[in-house]
Structure formats: C-alpha cells, structure tokens
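Participant: Okay, sequence plus prediction incoming.
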Amino acid sequence: MPKYLTRVVGVATLAMAAIVLTVPVRAVVAPLTIKLATFAPANSSWHKALLDMGDAWTKATEGRVTLRVYPGGTLGTEASTVKMMSPAVGELQAALLLPPGLARINDGVDVFGMPFFLESDEEMRAVFTALRPVMTQRIEAAGFKLLNWGNAGWVQLFSKKEIRTLADLKAVKLYTTEGDDKSVQWYKSNGFQPIPLSFNDMVGGLKRGMIDAAPSPAYGASMLQIFRDAPFMLDVKLAPLLGATVLTNEAWKKIDAGDQPKVLAAASALEQRFMTEAPGMDAAAVKTMAARGLKVTTLTPAAMVEFRKTAEALVASMRGTTVPADMYDAAMNARTAYRKTTGK
C-alpha cells in the first residue's frame, strides 16, 4: 500500500476511535420488577390506574422497570405491608397506602384524617397544599421515595340504621382500623364504641353484626357492596381519604438514573388522575347505590351547624393525642387562612 494511503487509513482509524470513545455507552441495567401492595379492590378504578402506571413504566423504560400489583389487601394489613417493605424483610418494594399505613411511617399523616375538620374540596386542597411539603419530607426521611399522593374521595358514614346526630353515632358499633390504637382510644374517650377490625373483615363484620356502621368513600362502598348491609348513608363529609404511593429507597436506587424521571412522570400522571376523578366517581356511586336501595340522610342547615359545632370540640381533643401537635397547628393555621379568603 502506498505510504500516503497508509497515513490516510491510520488517521481515519484514529478519528473513528476518537468518535467511539466520545459516545457515551449506556450501562446494561438488569430489569427491575417493583412489587406493590394496595387495599384498592381488584378491578376498581384505583387498581386499574395503578396498572396503567405500570404499563407506562414498562413502555418509558423499555422494560427496565415493571410493576406487579397485589390489590384488595391480599398481602395483609397495611401495618404488615409496611413491615414487608423494611430492609430486614424486603418482600415488597412499594405500596399505595392509606392514612393508617402511612402513619406507620410517620404519624403526622394522621392530620389528614381528622373527622369533620374539613368541609369542601377547595378547603381540602388548600390545607393539603400547605402541609404536603413537610409530610413528604418526613416520609422520605424514614427511608422511602414518595412517588405521588392521591385522593380516594370523601369518607362518609354507612350504617344499618339512620344516623342524624353525633349522639346517634355514639350509640352504634363503629368500624375502626385494627392496629390503630391511638384512634381507638380517642373514640372511646369521646364516648364512641369503636370495634377494631382488619380492612378485609369490615364487610363480614357488617353482615355478622360485629359492627353497625362503617366509614367509606361512596365509590369504595359501591365496589365492596357495603350498602347492602348498611343501607343508610349520612350525607356529611367526615374526612378526605388521602393516600400516597411509596417506594423503598433500596428499590429507588436500583432504578437507572436516566429512568428515574420517567418513573416519576408516570407517577405524577397517576396523582392527577386520582385527584381529579374522585368527586365524579363518588357522585356516580351514590346514584347507583340509591337506585339499589341506599337511603341518603341529608341534614337541615340548622342540624348541620349543630353537628359541626359539636364535632369541632371533638377535633380539638385530637391535638397531641392522635395527631402530633405541630401538624395539628399547621393544619389549623392553613384552614384559618383559607377560610379568611372565603369570608368564613
């Protein structure tokens, strides 16, 4: 080969080598399957939304991150679910948790479940927006990546007989979450009759007469057919049922840095879906249940004022007992600020 051609080939080879060396090589990442537990009933809108998020993960990460969902509390209570996510056990990587489960991570989240504290979607959003940053920080400080928050609708009371007052409510056996000892004690100290049961025993408890009343969002009551054994619904918003999807830090660190934003984007889309769909789902569920025999009890304006007045005193007793004082004060300040904007 002529010398000048040898030099040309040599230069070209070096140039190609330089180009190859400057092109970043993506490390081969082993596929990661995230196992997620939830109390969301199988085939419910909540369950389907989680499956959609999983499909989005698979597509966005080209199969590097997949999701396997265990719905309907099939893996046990939320307390056991949180334990299964601990580094010592490691059987689960994620969960969509409601307040009782989130409180196992940090009890400040109990502030979102205070009964009769909030009255409207607008008020709920104002208080939630104010408290969200600190609650997210506290949960993440406990070893989790918080993927999204969610709203499962307003909890309302379903009962075997009509309830119009708090005195009526105190006269019945009321379902409460098993393992939530602080709430059970709070109910007892305020004259209620709490019956702690696991979530999976709630429907059976109504059938067998172990409990007379159970709180649930309307959509959940429809999915679980609660209204068949508890055909009365008190049309008073008890509390919003806020939850969150959490992922263990160990699992989060296994997700490639380039895929983490994609996982969060799909989780954020799920949050928007949860937050916007709940009111319509509940309204449709009430209409469906009413056509099948549900009797909705609506209080007169005067009765509602009296109901709220009595309930406000009960809420005050939660400060420092069932709800940490600092979170209670933060929620009260946020609610006061919002009500000033509405002239209340």
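Facilitator: Received the coordinates, thanks.

Participant: could you point out where the protein is predicted with low confidence?
Facilitator: For the chain, the stretches with pLDDT under 70 are 1-29.

Participant: which residues in it form strands?
Facilitator: Remark: strands assigned in the chain by DSSP state E are 32-38, 65-70, 94-97, 144-159, 173-177, 193-197, 213-217, 232-248, 295-297.

Participant: Of the ones you listed, flag the one that's most buried.
Facilitator: Mean neighbours per residue, mean count of other CB atoms under 10 Å, is largest over the strands of the chain for strand 94-97, with a mean of 27. (Glycine included, C-beta is placed from N, CA and C.)

Participant: picking up where we left off before, in CSV, list the strands of the chain along with distance to S80.
Facilitator: Shown next, in CSV, are the strands of the chain (distance: least, CB to CB, whole Å):
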stretch, distance to S80
strand 32-38, 9
strand 65-70, 12
strand 94-97, 10
strand 144-159, 16
strand 173-177, 13
strand 193-197, 15
strand 213-217, 21
strand 232-248, 15
strand 295-297, 35
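
Participant: Out of the ones you listed, flag the one nearest M327.
Facilitator: Among these, strand 232-248 comes nearest to M327, with 13.3 Å by CB to CB.

Participant: by contact count, what packs against that closest one?
Facilitator: Helices and strands touching strand 232-248, by 3 or more CB pairs under 8 Å, 6 or more residues apart in numbering; DSSP states H and E, are strand 94-97, helix 99-102, helix 121-141, strand 144-159, helix 218-224, helix 260-291, strand 295-297.

Participant: Tell me which of the ones you listed sits most buried.
Facilitator: Of all the helices and strands packed on strand 232-248, strand 94-97 has the most neighbours on average by mean count of other CB under 10 Å, namely a mean of 27.

Participant: Now do that one: everything it contacts.
Facilitator: Residues outside strand 94-97 that contact it (CB atoms under 8 Å, 6 or more residues apart in numbering) are 34-40, 46, 50, 67, 78, 81-82, 85, 101, 105, 147, 150, 243-248, 251.

Participant: again with stretch 68-87
Facilitator: Applying CB under 8 Å, 6+ apart, the contact partners of stretch 68-87 are 33-44, 47, 50-51, 54, 89-95, 97-98, 100-101, 104-105, 143-144, 178-179, 198-200, 246, 248, 250.

Participant: again, but for stretch 59-67
Facilitator: By CB under 8 Å, 6+ apart, the list of residues contacting stretch 59-67 from outside reads 29, 31-34, 36, 50-51, 53-54, 57-58, 94, 255-256, 259, 262-263, 265-266.

Participant: No further questions, thank you.
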